[in-house]
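[1] curious how this folds, go ahead:
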Amino acid sequence: MELPKARAVLPQLRFVETTDSTNLSLQREHAGLADFSALAAAEQTAGRSWVAEPGASISLSVLLRPNVPELLSLITLLMASSARTAIAELYPKLSLTIKWPNDLLIGDRKLAGILASVNPDQSVVVGIGINLAKQSAPATAVALSEFVSTDFDSVLAAVVGKLQENWQKLQSGSTSGWLIEDVRANCSTLGAEVRAELVTGESIVGRAQDITADGRLIVQAEREHVLSAADVFHIRR
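    The predicted model follows:
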């Protein structure tokens, strides 16, 4: 795949037709990679959050080297905000929202999933899978082709460009308030009744009230909970 639009935005972008996982590929190579090294694939055979069929979705992973540790907790939301903005600017009639912390939705259905992993040297690999066309997937999934005429190169170029712009902004040392405000403004989790499944096995049911300055979700149940990570399910708005 030639990808002229994406490579005009990021000339060093690497592309492969198929891989086990773009995230895992960058994790294996992380020690020798520069900041904002990016790998895209048309097919994943072993993605942990999504398994892509040939040409039906974009798998994109980027290695980021935060210049301060405080940025680590914001990287998943950075990808979510950047991808949502990029796709919304490309297709203005689409209404996309962020489901905290790592999904993009159209309505109640999942368009994209995000996964981030911290490497031993404190670099981060963050990946996103974006559904372009309908494929074998749960009924809760949705694809861009259900609403617009789209192509791999245009969507990839838009997402890479916006992510690079926002990463440079975050790395510049200026406040991260702009990122949290964008997530708050476009997050369908806020205001919803949710069930949060924690890694401890605990389940919390309550109302999602806010997102903190470092990206954590505040859920009001029998008491206030501040969540750094959880599987969150929307019950009702």
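
[2] and the protein, what are its domains?
    Split into domains by automatic domain parsing, the chain comes to 4-184, 189-236.

[3] the last one: how far from the chain's middle?
    The offset between the C-alpha centroid of domain 189-236 and the centroid of the whole chain comes to 18 Å, using Cα atoms, centre = their mean, to the nearest Å.

[4] CA-only coordinates of the strand or helix carrying E29 in CSV, if you can.
    For E29, the host element (DSSP states H and E) is helix 22-29. What follows is helix 22-29 as a C-alpha-only set of coordinates in CSV (Å, rounded to 0.1, in the frame of the first residue of the first chain):
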residue,chain,number,x,y,z
THR,A,22,1.5,-3.5,15.8
ASN,A,23,1.8,-2.9,19.5
LEU,A,24,3.8,-6.0,20.2
SER,A,25,6.1,-5.2,17.2
LEU,A,26,7.0,-1.8,18.7
GLN,A,27,7.3,-3.3,22.2
ARG,A,28,9.9,-5.8,20.9
GLU,A,29,11.8,-3.0,19.2
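
[5] residues in contact with that helix: which ones?
    By Cβ atoms under 8 Å, 6 or more residues apart in numbering, the list of residues contacting helix 22-29 from outside reads 19, 33, 37, 39-41, 44, 46-48, 59-63, 115, 117, 119, 125-127. Backbone N, C-alpha and C define where each C-beta goes, glycine included.

[6] whichever helix or strand comes after that helix pairs with which strands?
    Downstream of helix 22-29, the next assigned helix or strand under DSSP H and E is strand 37-44. With DSSP bridges as the test, strand 37-44 is paired with strand 14-19 (parallel), strand 57-64 (antiparallel).
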